[in-house]
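Enquirer: model the following, please.
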Amino acid sequence: MFAQFESLLGDASPTLPSLLDIQLQNVKTQTGVDLRTAILENFGGNFVSLSSISEGDGATAIMEPEQVILIELRDAEALSGAFEAWIDMVPGMREMIEIQEFAGELVHTVKGVSDQSMPETKTQDVSYVITRSHFILNFGEIGLLQNVLTRIESGEDGFWQGEETEKLFERISMDRSVSRSYADLEQLVVPMLDSIVQAGQLAGEGALFDGAKLPRDWHIPFHAITEINEDDDGFFSRTLIIEKKELAE
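Expert: Coordinates of the predicted model:
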């Protein structure tokens, strides 16, 4: 993975890989941590991302969903040590981090802060967990992260390991798959319509975009599954929309 990243840098500018090497060596000299090994070459091939749109303002909900990213690790201890060294390098960073234990793991959280010029807005909280096999990054509230940690602790199979999920994707599965995704359309549609209404109102079209008339009890019993596959001349994406009852069967 890191070799591909260096290749991309080289394509952008022949000097960038050398500059990156200099910065990595500077960090190693200051902290004794080899970031190339501890972080950049530490991630495995499995990457999973999941998100959940919270209830509330439609535009805000769809732009700032709760999101969890899981990345497979080759050496969890090395990554943990690198993070500790990096935290000590940034003045005041350790004081900004809240640590709590959940499901046998330590959750590190940096609370979102408000912009003094716009006190009504706030950046999302960012949390991370380093397990024995994965680096888990969370944006927003930690409810989704706690669900993930609970399932890991219980030893339950996840969504992607389920037999029903495998059968579901057999319909569109092809060779050389790069990624798969699943979306609950019912959770997406109403917040998306809310954001369209708000954009129309900001554009001065309030008469045409009346949020009060937007139905809130829509039942949209569909899921969407997507697979992206690599081919010799590019990547191809295919999506299938199916009824929810099919997933439960």
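
Enquirer: mind checking pLDDT for the residue nearest the centre of the chain?
Expert: Residue closest to the average C-alpha location in the chain (C-alpha atoms, centre = their mean): Ile69, at 3.8 Å. Looking at Ile69, its pLDDT reads 92.

Enquirer: is it in contact with His134, as I believe?
Expert: No - checked against C-beta atoms under 8 Å, the pair Ile69 and His134 is beyond contact range at 9.8 Å. Just so you know, the C-beta spots here come from the backbone N, C-alpha and C atoms, and that holds for glycine as well.

Enquirer: if we can go back for a sec, okay, and the beta partners of the residue nearest to the centre of the chain?
Expert: Beta-bridge pairing for Ile69 (DSSP bridges): Ser49, Leu137.

Enquirer: which residues touch it?
Expert: Each residue near Ile69 by C-beta atoms under 8 Å, 6 or more residues apart in numbering is listed here: 47-49, 136-138.

Enquirer: what's the closest of these to Arg176?
Expert: Nearest to Arg176 out of those is Phe47 (C-beta to C-beta; 16.4 Å).

Enquirer: doesn't that closest one lie inside a strand?
Expert: Yes - Phe47 sits within a strand when classified using DSSP: H, G, I helix; E, B strand; the rest coil.

Enquirer: name the nearest residue to it, sequence neighbours excluded.
Expert: Ile71 (5.4 Å; C-beta to C-beta, 6 or more residues apart in numbering).

Enquirer: what about that neighbour, how many neighbours?
Expert: A total of 18 residues lie near Ile71 under the criterion other C-beta atoms under 10 Å.

Enquirer: what of Phe139?
Expert: 20.

Enquirer: Glu77 in helix, strand or coil?
Expert: Secondary structure state of Glu77, per three-state DSSP, is helix.

Enquirer: could I get the full set of strands for this structure?
Expert: 43-52, 66-73, 97-102, 105-110, 114-115, 118-122, 126-130, 134-139, 177-184, 222-231, 234-243 (DSSP state E).

Enquirer: where does pLDDT dip in this protein?
Expert: Applying pLDDT under 70 to the chain flags the ranges 1-21, 23-24, 27, 54-64, 114-122, 190-191, 194, 197-218, 245-249.

Enquirer: how much space between Ala180 and Met96?
Expert: Not quite, residue 180 is Arg, not Ala. 36 Å (C-beta to C-beta, to the nearest Å).

Enquirer: among those two, which residue is more densely surrounded?
Expert: Neighbours were counted for Arg180 and for Met96 using other C-beta under 10 Å; Arg180 has more, 17 against 12.

Enquirer: please name the bridge partners of the closest residue to the more buried one other than its chain neighbours.
Expert: In space, and not counting its chain neighbours, Arg180 is closest to Glu227: 5.1 Å by C-beta to C-beta, 6+ apart. Beta bridges link Glu227 to Arg180, Arg238, judged by DSSP bridges.
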